[in-house]
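Chemist: would you be able to build a 3D model of this:
(2 chains)
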Amino acid sequence: GAGVSQTPSNKVTEKGKYVELRCDPISGHTALYWYRQSLGQGPEFLIYFQGTGAADDSGLPNDRFFAVRPEGSVSTLKIQRTERGDSAVYLCASSSRRDRREAFFGQGTRLTVV
Amino acid sequence: GIQVEQSPPDLILQEGANSTLRCNFSDSVNNLQWFHQNPWGQLINLFYIPSGTKQNGRLSATTVATERYSLLYISSSQTTDSGVYFCAVERLGAQKLVFGQGTRLTINP
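Modeler: Take a look at the predicted model:
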């Protein structure tokens, strides 16, 4: 596609529920990142995929958060037993990571846990 | 981890003014990007500039990697320049961008 696409744009869920957020990266980009942005803050790193494997998941806050990228393209961020503190904008980015390491971001998914 | 500090945190200017935003970082980097976050939350790429100077219309950026800082210049500001500007860096050997806290720019007509 022309850019990084994230769905849904907005998600409202009840505390304790399970949610999945989807990211479709730029075609051909092997690197994919998830970030989380709280109000008034800069984005914070969650996880990085190179191809199908999670090369760095050091930013995941706890074991309720999990992400997959089974075919090296689309990725899904999964949050179990959601808490009100999980409310934030979740951003996805992709990069070709060849000679130019520039990352491009999607429009984000705004998650609200009520 | 690497620290990224942006200044000033807030900047309010009149239309037509020039501005300089600064980004200091605490370690050697192989990637530095400037973004503009629009009112809808989209991060718009402004510059990919791990070193050197680039210009794009009214915007230009300079990164002095040896002194660990980058500057973003906006000339002849317009109201549409308002928003939050983020600097993000990738430390040598790391695989992720680390963001500063941003500079909120408000351009009044």
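Chemist: setting aside sequence neighbours, what's the nearest residue to residue 55?
Modeler: Went with chain A since none was named. In space, and not counting its chain neighbours, A:Ala55 is closest to A:Tyr48: 5.3 Å by C-beta to C-beta, 6 or more residues apart in numbering or on different chains. All C-beta spots, glycine's among them, are computed from the backbone N, C-alpha and C.
Chemist: wrong one, chain B
Modeler: B:Ala61 (8.0 Å).
Chemist: remind me which helix or strand that neighbour belongs to.
Modeler: Here B:Ala61 sits within strand B:59-64, counting by DSSP states H and E.
Chemist: what strands line up against that strand, and which way round?
Modeler: Strand pairing for strand B:59-64, determined by DSSP bridges: strand B:52-56 (antiparallel), strand B:69-74 (antiparallel).
Chemist: in CSV: those, plus mean neighbour count.
Modeler: Converted to CSV, the strands paired with strand B:59-64 look like this (neighbours: other C-beta atoms under 10 Å in any protein chain shown):
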stretch, mean neighbour count
strand B:52-56, 12
strand B:69-74, 20
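Chemist: tell me how far the closest residue to B:Thr106 other than its chain neighbours lies from chain A.
Modeler: Excluding its sequence neighbours, the residue lying closest to B:Thr106 (C-beta to C-beta, 6+ apart) is B:Ile12, at 4.6 Å. Distance check for B:Ile12 against chain A: by C-beta to the nearest C-beta, to the nearest Å, it reads 17 Å.
Chemist: can you give me the neighbour number for B:Ile12?
Modeler: Residues within reach of B:Ile12, counting by other C-beta atoms under 10 Å in any protein chain shown, total 12.
Chemist: ok and the residue in chain A nearest chain B?
Modeler: A:Gly42 (3.4 Å; C-beta to the nearest C-beta).
Chemist: need the contact list for the nearest residue to that residue once chain neighbours are set aside.
Modeler: Of all residues not flanking A:Gly42 in the chain, B:Phe99 sits nearest, at 3.4 Å (C-beta to C-beta, 6+ apart). Residues in contact with B:Phe99 (C-beta atoms under 8 Å, 6 or more residues apart in numbering or on different chains) are A:42-44, B:4, B:86-88.
Chemist: per-residue pLDDT, A:Asp99?
Modeler: Looking at A:Asp99, its pLDDT reads 63.
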